Structures are given as structure tokens and as C-alpha cells.
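S.K.: Coordinates only, no sequence provided:
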């Protein structure tokens with residue numbers, strides 16, 4: 001039955017019928033489902049105050065507004081449901097255990113470490129794994145998710161435990177929540193000298209929402225002012241009652257520095273798993289799992305760290321992970337050792353994908369490469385439509401005022417060293433609330449160094465390029481400088497978010513801009529007694545100045561920041577500066593991880609006057 005609508009446009013009325021649409025659907029998609037003309041729907045929306053083209057992705061609210069006007073109930077399918085329906089078209093399912101119980105075997109518990117920033121989560125994992133990850137993280141704060149497996153002993157039996165370390169800043173609520181979805185047990189780390197903080201409560205809420213057991217690690221008990229009893233008392237207000245107080249939650253006093261209580265913490269995790277969980281998985285089912293993080297490795301290409309949840313992942317399997325696909329060329333453990341297969345609850349690096357999947361994407365193994373490619377292509381189209389539809393009205397940085405007065409829209413390109421941080425940074429930026437007549441749009445995001453093609457894309461409009469822990473490559477730098485493209489570099493994610501938010505709200509402190517002084521290419525590395533490694537270098541551009549700030553770049557990615565040129569020599573003589581085209585010896589203080597072909601970039605921070 002057709003009835004006249006606004007402006008005399010005739011549209012078929014639904015009489016309360018339901019129509020299902022994927023997120024980011026266009027008016028053309030809706031027209032096909034209800035047997036209407038796309039132009040009629042465009043006109044109808046125009047009379048409702050919305051100007052949308054027939055092929056443009058439309059957000060959920062606008063679709064439902066239109067549906068209510070023409071008496072159709074429009075149901076926007078969630079990404080999870082849409083993905084499930086997609087897999088069903090290939091006779092595949094995700095998440096359901098299959099097969100005979102004789103194929104099921106015990107698997108290790110998967111533990112997510114959560115807590116407030118700077119309460120020692122990563123340092124605690126360092127102590128458990130006998131490594132030093134904190135030193136590699138900018139600002140000592142975890143910038144991405146990592147997954148590792150350790151082996152401990154309980155009652156004379158060797159028992160593996162898989163740990164997931166999530167970012168420590170509140171802007172990564174989404175990634176922390178995603179970690180809770182794949183975990184069996186949460187270790188909540190609380191500093192004994194600091195107490196329960198806002199992020200502690202936030203992490204606790206995620207764990208409780210995921211309905212997983214919680215073990216509390218009271219860290220830093222060796223520090224002056226530590227009060228473990230106070231922590232136990234504070235957490236009772238949030239439903240975590242210690243066993244010694246008659247509750248069910250295990251509290252363990254630990255110190256990552258002195259290694260106190262580490263064995264007790266491992267035992268508490270295993271005992272909690274044995275008492276509360278039936279940790280078994282089907283090892284013979286087609287492999288499935290979740291992507292923990294993804295990055296672009298210059299030598300190996302796209303590399304994804306995945307957590308196998310069921311089945312056994314083997315070299316040679318055809319795999320699809322999110323919108324990436326490929327054949328598993330090699331499997332690597334967290335130490336880089338090659339594996340032939342990965343059993344359930346085993347985190348493993350997968351080499352052989354065509355692109356970098358996003359953190360949190362599901363992966364599964366299919367019989368044919370063609371099927372994997374078809375699933376990946378369909379997912380890619382769905383993700384693109386959803387991103388187009390979710391463009392939120394936002395604002396730009398302070399130095400684009402003139403451009404915004406004309407276009408009222410800021411375009412961003414985000415590049416980072418792994419997919420999880422790129423996605424989380426984008427989500428955090430898009431949540432900044434500002435005036436409705438200003439908009440922010442991410443036109444491209446990716447993993448790896450900033451390339452010439454990124455700068456070419458930025459030239460199309462007033463675009464800011466944000467680089468997280470990656471740098472622009474040779475031609476890209478020259479093109480950006482020549483064309484005046486604004487490229488901003490960050491090594492700690494919350495600094496990027498805070499700077500942009502402060503700019504938006506007009507609360508900026510004096511602005512400091514980074515002025516590049518010089519770039520030198522490392523030719524040889526010399527070991528000098530009592531000093532350390534000295535980089536025999538050729539100054540490629542600018543001037544290298546002694547005592548200036550420096551960073552070390554390897555394969556386009558920042559290896560170390562906040563360095564200083566402690567020593568500078570021309571042959572045997574000390575020098576205050578060395579100009580372009582000359583060779584010199586550069587010492588970076590106590591930092592010794594220098595290799596030939598590295599690039600040393602020196603710079604200084606100068607206050608930028610406001611207009």
C-alpha cells in the first residue's frame with residue numbers, strides 16, 4: 001500500500017513491518033528492501049531536515065527517523081550479528097564448541113592484567129616473565145596490548161598461564177573492555193601506597209561486566225607508606241571481599257621490584273581457575289580466536305598477535321582475521337621462536353596476512369583461500385560503510401581556525417605502529433564534544449610509517465597527519481615540508497589526546513613547536529671503553545649540535561625518544577656542532593642500542609608565539 005508522504009512524494013508504508021539493515025547502509029539499500037525509489041527517500045529526508053544523497057552511508061538515528069515517518073520499523077544489525085550472518089552464508093560459525101568431548105583437552109587460563117595507570121601492571125608482568133618491557137614503553141605507560149605465556153609450577157606439575165597486558169590510560173576503555181571479553185580471570189593491580197583510583201574502579205567494572213573471577217594483586221608493598229589492609233577495606237565497597245575477611249576474592253601482596261609474592265600470585269590464579277572454571281577446549285575443531293594486536297613489520301609484512309580460543313592453528317592454514325586474510329606462513333611465540341602449531345589459549349604471532357587486522361577482530365580458519373578472501377572483502381565493505389556513517393560532528397586543532405571558518409570540517413590521517421592504538425586513538429578523538437556546526441573526519445588510518453601516498457592524500461584538503469610512534473619516510477618528509485602539510489608526531493597516546501582536547505577547548509598552555517636541527521645516518525658503531533657505543537655517522541641534513549635532544553629511528557619507526565647528544569666528535573677532537581655533509585661520532589649517553597643504517601634525528605623545542 002502506497003501513501004503520499006512529505007512534499008507529495010509517494011512511499012510504500014510499512015504498517016509496522018520490520019526491515020533489517022547493516023550499520024552504515026545507504027538510502028539505496030533501504031529502497032531495495034521496501035521496494036521504493038531512492039530519490040523518494042532522499043526527498044522525504046530533506047523534508048525532515050536531513051540532506052543525504054542516495055548512496056551516502058546514513059547513521060542509525062537518521063534511518064530510524066525516516067522509518068518512523070513512513071511506518072517501517074528499521075532494525076540496524078549490530079556488527080556481531082552481521083558478521084554471524086555473513087559466516088552463515090559460507091556455512092561457518094564462530095564461538096560455538098563442536099565435536100565429541102573426547103576431543104576436548106585442558107587449556108591454560110587467560111589472564112588480563114588491569115588497574116590504574118602507574119600502579120605497576122607492566123612491571124609486574126616484567127617480573128613474571130623475567131623481561132623488561134617497561135623500559136621500551138614511552139613514558140613507562142603501555143601503549144598497546146601484548147600477550148605472553150609463562151610456565152609455573154603447582155603441586156609439582158608444570159602449568160602454563162597466558163597473560164594479556166592492556167594499555168594503562170583511561171582513553172583505552174574500549175581496548176581494556178575487549179581484553180576482558182577474551183579473558184578467563186582478571187588480575188586487578190592496586191598500588192599499596194596509592195589506593196583505589198578512578199581507573200581501578202573502571203577496570204573493576206569491566207571485569208564484573210564480563211562476569212569473570214578477579215584476583216587482586218596488591219603491588220608495591222615494599223614501598224614506604226604501603227598499606228595493604230587499606231586496599232582490602234576499600235575494595236569491599238565494590239563487592240570484592242578478601243578471603244581473610246570471609247569473602248571469596250583472593251588478595252596477594254606482591255612487589256614487582258623485590259619479586260615478593262610472585263609465586264603466590266601465580267598459584268592464586270591457578271587455584272581460582274581450578275575452583276571456578278571448566279577450562280577445556282576442542283583441539284580438533286577448525287581453529288578460531290581473537291586478534292590481540294597487529295603491526296606492520298618491515299621484514300615480514302603484516303604480523304598479527306592472535307589468541308587461539310579453540311582448535312589447533314597450524315602453519316599452512318588459510319586464515320581470515322577481520323578484513324585481512326592469507327595463508328599462515330609461520331607461527332612465532334612471544335620470543336620469536338618458530339612453532340609448528342598453537343593450541344587453545346596460546347598467544348602466537350601469525351605471519352602471512354595480506355593486511356594488518358584490528359585489535360579485537362575475530363579470526364577463523366577456512367578450507368580455501370578463495371573463501372577467506374570473499375569473507376575479508378565483505379567485512380571490509382561493511383567496516384567502511386559503518387565508518388562513513390559514524391562520522392561525528394567534532395572540531396579541529398587551534399591552528400586550523402581559518403580553514404574551519406570556510407569548510408567547518410577537519411580531516412585527519414592517523415598512522416601508528418600497531419592497529420590497536422590507531423583504533424583507540426581514533427575513538428578517543430571522535431568522542432571530543434564541541435559545537436554541532438563543526439566536524440572531524442578520519443579519512444584514512446593505517447599501520448606503519450607515514451608514506452608519500454599519505455601526504456598526497458593530505459594535499460587534497462586541509463588535513464592533519466597524526467603519527468603515533470612512527471615517522472615520515474624520506475620522500476614523505478620532503479613533500480610535507482615543501483607543501484606545508486601539518487604532520488604531528490606523538491610517542492605517548494594520552495599526550496596526543498590531551499593536546500588536541502586542550503586545543504579544542506581553548507585552554508592551551510604556551511605552545512612549543514619542535515624544530516628539527518639535523519639528521520645523521522649511522523654508518524658504523526664503535527665500542528668505546530667507559531663511554532659505551534658511539535655512532536660513526538654522516539650528517540645528511542641540517543646540523544648536529546652537542547647537548548641537543550635526539551631520537552633514534554629504525555626502518556621508519558621511533559626506537560627511542562628523549563635522548564640527548566652527550567658527546568660529539570670530529571675525528572679525535574670534541575665538537576660543538578657538525579654540519580651537513582661531514583662525518584662525526586655521536587654518543588647518546590647510556591643508550592647503546594644503535595645499529596648501522598639507523599637515523600639519529602636532533603631537535604629542540606621552541607615556544608611558538610600565538611597570533
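M.R.: That came in fine, so what should we check first? Quick caveat, the model's predicted, so the values are computed rather than measured. Residues are numbered from 1 along each chain as shown.

S.K.: Helix or strand next in line after the longest strand belonging to the chain, which one?
M.R.: The longest strand of the chain (DSSP state E) is strand 511-528. Downstream of strand 511-528, the first helix or strand assigned by DSSP states H and E is strand 532-545.

S.K.: what does that next one rub up against?
M.R.: 516-528, 565, 567-569, 576-592, 594, 598-600, 602 (CB atoms under 8 Å, 6 or more residues apart in numbering). In short, each C-beta sits where N, CA and C put it, glycine included.

S.K.: ok, now with 6 Å
M.R.: Applying CB atoms under 6 Å, 6 or more residues apart in numbering, the contact partners of strand 532-545 are 517-528, 577-580, 582-587, 592, 594, 602.

S.K.: which of the residues you listed count as buried?
M.R.: Among the contacts of strand 532-545, those scoring as buried are 517-520, 522, 525, 577-578, 584-587, 594, 602 (criterion: 16 or more other CB atoms under 10 Å).

S.K.: Rounded mean pLDDT for the longest strand of the chain, please.
M.R.: Strand 511-528 carries an average pLDDT of 89.

S.K.: same question, stretch 354-371
M.R.: 86.

S.K.: ends of it, how far apart?
M.R.: 14 Å (CA to CA, to the nearest Å).

S.K.: contacts for it?
M.R.: Outside of stretch 354-371, the residues within contact range by CB under 6 Å, 6+ apart are 90, 94, 145, 178, 286-291, 293-294, 296, 302, 304, 306, 317-319, 321-322, 324-326, 372, 419-420, 423, 447.

S.K.: Which residues in that stretch does the neighbour count mark as buried?
M.R.: 354-366, 371.

S.K.: What is the burial count for residue 451?
M.R.: 17 (other CB atoms under 10 Å).

S.K.: hmm, I was thinking of residue 277
M.R.: 13.

S.K.: Quick check: chain neighbours aside, which residue is closest to it?
M.R.: Distance criterion CB to CB, 6 or more residues apart in numbering; nearest residue to residue 277, sequence neighbours excluded, is residue 184 at 5.7 Å.

S.K.: swap in residue 153?
M.R.: residue 159 (7.0 Å).

S.K.: how near is the one you found to residue 561?
M.R.: Distance, residue 159 to residue 561, by CB to CB, to the nearest Å: 39 Å.

S.K.: now the helices: where do they sit in the stretch 301-450 of the chain?
M.R.: With helices called from DSSP state H, counting those that start in this stretch, the stretch 301-450 of the chain shows them at 369-389, 401-407, 419-430.

S.K.: of all those, which lies closest to residue 221?
M.R.: helix 419-430 (31.3 Å; CB to CB).

S.K.: ok, back up a step: check what pLDDT the residue nearest to residue 153 gets.
M.R.: For residue 159, pLDDT reads 89.

S.K.: Describe which strands the helix or strand where it lies pairs with in its sheet and in which direction.
M.R.: Following DSSP H and E, one finds residue 159 within strand 157-165. When pairing is defined by DSSP bridges, strand 157-165 lines up against strand 110-115 (parallel), strand 146-154 (antiparallel).

S.K.: Tell me which of those sits most buried.
M.R.: strand 110-115 (a mean of 27; mean count of other CB atoms under 10 Å).

S.K.: so residue 162 makes contact with residue 107?
M.R.: No: with contacts counted by CB atoms under 6 Å, residue 162 stays clear of residue 107, the gap being 9.0 Å.

S.K.: Overlap in contacts, these two.
M.R.: Contacts common to residue 162 and residue 107, judged by CB under 6 Å, 6+ apart, are residue 345.

S.K.: of those two, who's got more company?
M.R.: Ranked by neighbour count (other CB under 10 Å), residue 162 and residue 107 place residue 162 first, with 24 against 21.

S.K.: Tell me who's in contact with the more buried one.
M.R.: 108, 110, 149, 345, 347.

S.K.: Roughly how far does it sit from residue 456?
M.R.: Taken as CB to CB, the span from residue 162 to residue 456 is 42 Å.

S.K.: Then residue 294?
M.R.: 24 Å.

S.K.: Compare those two and say which one has the larger neighbour count.
M.R.: More neighbours surround residue 294 than the other of residue 294 and residue 456, with 29 against 13 (other CB under 10 Å).

S.K.: So the more buried one sits against residue 305, correct?
M.R.: No: distance between residue 294 and residue 305: 7.2 Å, which falls outside the contact criterion (CB under 6 Å).

S.K.: For the residue nearest to residue 277, list the residues it contacts.
M.R.: So residue 184 contacts 109, 110, 277 (CB under 6 Å, 6+ apart).

S.K.: Look up which residues are beta-bridged to the second one.
M.R.: This means residue 110. residue 162.

S.K.: For it, give its distance to residue 311.
M.R.: In terms of CB to CB, residue 110 sits 15 Å off from residue 311.

S.K.: can you check the last one too?
M.R.: Residue 277 sits at a distance of 19 Å from residue 311 (criterion: CB to CB).

S.K.: give me phi/psi at the residue nearest to residue 277?
M.R.: For residue 184, the backbone dihedrals (degrees, to the nearest 10) come out as phi -100, psi -40.

S.K.: gap between it and residue 290?
M.R.: 13 Å.

S.K.: Share the number of residues neighbouring the nearest residue to residue 27 once chain neighbours are set aside, please.
M.R.: Nearest-residue entry for residue 27: residue 41, 4.3 Å, with adjacent residues in sequence omitted and distances by CB to CB, 6+ apart. Per other CB under 10 Å, the neighbour tally for residue 41 reads 24.

S.K.: Doesn't residue 41 lie inside a helix?
M.R.: Yes: membership of residue 41 in a helix is supported by DSSP: H, G, I helix; E, B strand; the rest coil.

S.K.: Can you verify my assumption that it contacts residue 26?
M.R.: No: using CB under 6 Å, residue 41 makes no contact with residue 26, being 9.5 Å away.

S.K.: how close does residue 37 sit to residue 44?
M.R.: From residue 37 to residue 44 the distance is 10 Å (CB to CB).
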